[in-house]
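# I'd like to go over a predicted model; first the sequence, then the structure.
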Amino acid sequence: MPTIEVRGLRKTYGTTVAVDHIDLDVAEGEILGILGPNGSGKTTTVECVAGLRRPDAGSLRVAGLTPGRDRDRLNRIVGVQLQQAGLQAKLTVREALELYSSFYEHPADGVALAERLSLGPKLDTRYGKLSGGQQQRLAIALALVGRPRVALLDELSTGLDPRSRRTVWEVVEDARAEGTTVLLVTHLMEEAQYLCDRVALFDRGRIVALDTPEGVVSRTRVPTVMSFFRTASGSASPAGAPDTAALAAIDGVERVRVREDGRIELGLTDEAVPEVLDRLAAEGIRPGRLRVVDATLDDAFLNLTSASADGTGAPGTGDTTEEA
Ligand SMILES: Nc1ncnc2c1ncn2[C@@H]1O[C@H](COP(=O)(O)OP(=O)(O)OP(=O)(O)O)[C@@H](O)[C@H]1O
């Protein structure tokens, strides 16, 4: 039986449908990441799983318990990190850790966890006096200090510097190694790729892909990304506006865009790469600083989700720059 089971979840706020028809299983010991554009329903889903919001329809089970109904029992086995921690400003780091440890049967050593997250020197500092990054790390420590069976982490490392982020990832990995099942929301593709066994890609309140990070990437019809600066043959200078329509017409080319820095980027099949090079050569264009790389989760995200934030764009047109 999955540790987290979501079936047919629907949640509306007035006339806004935040999520609809969400089905999601998280296996014991799994780290599942939720990705998606702003307003696609990620936080709403996590808050429903945490029992903080009541769904309009659907069913939820967390370690055999029903969020909302079994609140007290759930609070003893679930650790939650929300975007707004909602801690009292006067509470010190040490007091907060002690308070949260007291909710659980077998908590970790809170001071050691704080030290790991570089909060050792701040143990006697009040929450309200911590920097944003320190508050964020404390929220993560509080979510994990109880060695919870399930951790729900919303925007785990948003706003953290690269070193802190890496430490946070290691802390989450260690929690999983001790048996914690993790559902996390992230905007960082690197984080999803590093940490998550599977990712659920949300778009406009629905799941549009649910697979391993590699599986989601392979689902886009463009396994390869080729990019270059357009320079005239024998010259290093830019050679004017590119004919993106001609490139887009090549068989196997799915997407062409001109990035802000002028780099031309194509999403395409492997087979189309020589075709594109031939076309450029025929037109007397020398591709400058040519890069041909495998598509990443970033590319899949752009390819599979709506163009604009908050779900007003059409699916599959992930770029806001020029599109051919
Ligand atoms: N308390 C609320 N009252 C009214 N509408 C809400 C409320 N919370 C969320 N919404 C709306 O529900 C939709 C989903 O919001 P949600 O916060 O779940 O998205 P999200 O994917 O977590 O977004 P973000 O990446 O910006 O955090 C959005 O249209 C949002 O405006």
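Arrived safely.

# next helix or strand past the helix or strand containing residue 95?
For residue 95, the element it lies in under DSSP states H and E is helix 93-101. The helix or strand immediately downstream of helix 93-101 is helix 110-116, counting by DSSP H and E.

# Please save the CA atoms from that next one in PDB.
Taking Å, rounded to 0.1, in the frame of the first residue of the first chain, the C-alpha atoms of helix 110-116 are listed here in PDB:
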ATOM      1  CA  GLY A 110      17.500  18.900  17.300                       C
ATOM      2  CA  VAL A 111      20.800  20.700  18.200                       C
ATOM      3  CA  ALA A 112      22.800  18.300  15.900                       C
ATOM      4  CA  LEU A 113      20.300  18.900  13.100                       C
ATOM      5  CA  ALA A 114      20.500  22.700  13.600                       C
ATOM      6  CA  GLU A 115      24.300  22.500  13.500                       C
ATOM      7  CA  ARG A 116      24.200  20.400  10.300                       C
END
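
# Quick check: which helices or strands does that helix pack against?
If you count contacts as 3 or more C-beta pairs under 8 Å, 6 or more residues apart in numbering; DSSP states H and E, helix 110-116 packs onto helix 93-101, helix 132-144, helix 162-177. Heads up, the C-betas are built off the backbone N, CA and C, glycines and all.

# Would you reformat those helices as TSV and include mean neighbour count, mean pLDDT and distance to the ligand?
Formatted as TSV, the helices and strands packed on helix 110-116 follow (neighbours: other C-beta atoms under 10 Å; pLDDT from 0 to 100; distance: least, C-beta to the nearest ligand atom, whole Å):
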stretch	mean neighbour count	mean pLDDT	distance to the ligand
helix 93-101	20	95	24
helix 132-144	22	94	15
helix 162-177	16	95	18
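
# sorry, back to before: check what contacts the helix holding residue 95 and list those residues.
87, 91, 107-108, 110-111, 113-114, 119, 122-125, 127, 130, 138, 141-142, 145-146 (C-beta atoms under 8 Å, 6 or more residues apart in numbering).

# quick one: contacts of stretch 206-222?
Identification of contacts with stretch 206-222 by C-beta under 8 Å, 6+ apart yields 19-24, 41, 192-193, 196-202, 223, 254-255, 267-269, 294-297, 299-300, 303-305, 315.

# now stretch 217-227: mean pLDDT?
Average pLDDT, stretch 217-227: 81.

# what does stretch 282-300 give?
Here the average pLDDT along stretch 282-300 is 86.

# contacting residues around that stretch?
The set of residues external to stretch 282-300 that reach it, using C-beta under 8 Å, 6+ apart, is 35, 189, 192-193, 199, 201, 209, 213, 216-217, 219-220, 222-236, 239, 243, 246, 263, 267, 273, 277, 280.

# Close to the ligand: what parts of the protein are there?
Residues of the chain lying close to the ligand (C-beta under 6 Å from any ligand atom) are 13, 16, 18, 36, 38-44, 310.
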